[in-house]
Structures are given as C-alpha cells and as structure tokens.
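Colleague: when you get a sec, could you give me coordinates for this:
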Amino acid sequence: SAKKSLFKRITVGKTSGASALQYQSKPIKQPLLRSVDDSCAGPALTMFEKMRAFMDDADASNNRKDASKTAKPGGLQDSIEVAHWMLAAANFNPSLRDEAYAQMLKQMHQNPNPAQVLRGWQLLYLAVGTFPPSEPLWPYLLRFLHESAVAWRTSKEDAVPSGALAQVSSVAACALLRFALCSRLSSHGVTPSHTEIATAMAMPHNP
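Modeller: From the prediction side, this is the model:
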C-alpha cells in the first residue's frame, strides 16, 4: 500500500516505520527519508527546526546551539520568513520535497497542541499548492488529507475545544481541495509570496 511504501523509506535514528511519523519535541538527527541526497541532509535538518519554530514549538529555541540565529519566530513577519524559506527550499530542490511533507505529517500526527496542529495544516495548505509530492507519496498524502479532519473530529471532540476542532477541520478541507486542483499539474514551481503566506496563516477562511 502507499502507507507501507512510505514507511519503508522512513527512518529516524534507530526508529523506523510508523512510529517515525509521530510528533516529537526534539530535533531530528538525520532526514526522515532515506531518499534524501547526502548533500541535502543539512538543509533537511534545518527545515525541521524551522518548521518547529513556525508551529510555535516552545522547546524549539531551547534545543539550538545558536539561539540568536535560529530562535523561533517572534511575530507574524518572522513566521512568514520562516515559512517562505521552507517552501522555497523544497520547491527548488526536488530531493527535499517528500522530506518536507514527511516532516509536516510527523509533527501534526499525535501532536497534543491544537494550535501547533493548526499551524501545521496552514503550512501543508501552502505546500500542496507549491510543489508536488513524488508518485509513491501522492496517494498516502491524499489519504492523510482526506482522513485527518475526520480523525480529529471523532477522536478529539471530548478533549479539544470545539473552536480548535472546527479550525483544523476547515483548513484540512481547504488543503484537500487545493491538493486536488494542483495535483493535475506535473510541477507547480511558484513559491508563495509573503502576502499569500500571511493570508494562509489567517486561515480558516473560504478557499
């Protein structure tokens, strides 16, 4: 299946398979996907830390050697810059595209913080309209987009405020529609502008 084929390509340290695609509050020490070129290993690790910062992971800045260079965003403009860097890096380097998707899915899966999950969905919404996943990843990503909103609604309804559930479900629906429209193209190739990123960060809204 698509899910199994993706998991076979994933490894995080000594962890591999499905457990590697679960939220973690610490940096990764190597790319999630074995398919990432050796020359892109460094950028892949940087991407993960920037994504954690964009998702406002409180622990992100505490795990870095140089907080002055990699501290988490302190405001909207900083968050926009971080998102733009991530999207551009994956857009212009095909070796990082599936890695970017895997990192986003990982940090949203079983993440106990609804605000972080919402940020992750906003980033995923932007990504699916910016660069395509590989053919092996495509059906798994489609399934994730389709099922995640339902999973949140059914498994979290007693533990998460209804407002957060509604927001996540709304952005997931927008991301699914965007993915369906953009997947007809072989390559997207245009990194979102700062204005487009800011608009996505204001979601949920009508697509």
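Colleague: for this structure, give me the ranges with low pLDDT.
Modeller: Applying pLDDT under 70 to the chain flags the ranges 1-19, 58-74, 148-165, 184-188, 205-207.
Colleague: I28 in helix, strand or coil?
Modeller: Assigned with DSSP: H, G, I helix; E, B strand; the rest coil, I28 falls in the coil class.
Colleague: count of residues packed around the closest residue to it other than its chain neighbours?
Modeller: Spatial nearest neighbour of I28, chain neighbours left out: F48 (5.2 Å); criterion: C-beta to C-beta, 6 or more residues apart in numbering. All C-beta atoms are positioned from the backbone trio N, CA, C, and that covers glycine. By other C-beta atoms under 10 Å, 25 other residues sit near F48.
Colleague: residue contacts, F48?
Modeller: P27, I28, Q103 (C-beta atoms under 8 Å, 6 or more residues apart in numbering).
Colleague: which of the residues you listed count as buried?
Modeller: Buried members of the contacts of F48, counted by 16 or more other C-beta atoms under 10 Å: I28, Q103.
Colleague: doesn't the residue nearest to I28 belong to a helix?
Modeller: Yes - per three-state DSSP, F48 lies within a helix segment.
Colleague: hang on, the earlier thing: closest to W138 out of the contacts of F48?
Modeller: Distance to W138 across those (C-beta to C-beta) is lowest for Q103, with 17.0 Å.
Colleague: in a helix, the closest one, correct?
Modeller: Yes - checked against three-state DSSP, Q103 lies within a helix.
Colleague: my read is that it contacts L32, right?
Modeller: Yes - between Q103 and L32 there is a contact under C-beta atoms under 8 Å: 6.2 Å.
Colleague: shared neighbours, the two?
Modeller: Joint contacts of Q103 and L32 (C-beta under 8 Å, 6+ apart) are A44.
Colleague: just give me the longest helix of the protein.
Modeller: Once the chain is assigned using DSSP state H, the helix that runs over the most residues is helix 162-182.
Colleague: and the helix or strand just after that helix, what does it pack onto?
Modeller: Per DSSP states H and E, helix 162-182 leads on to helix 194-201 as the next helix or strand towards the C-terminus. For helix 194-201, the packing partners by 3 or more C-beta pairs under 8 Å, 6 or more residues apart in numbering; DSSP states H and E come out as helix 76-92, helix 114-128.
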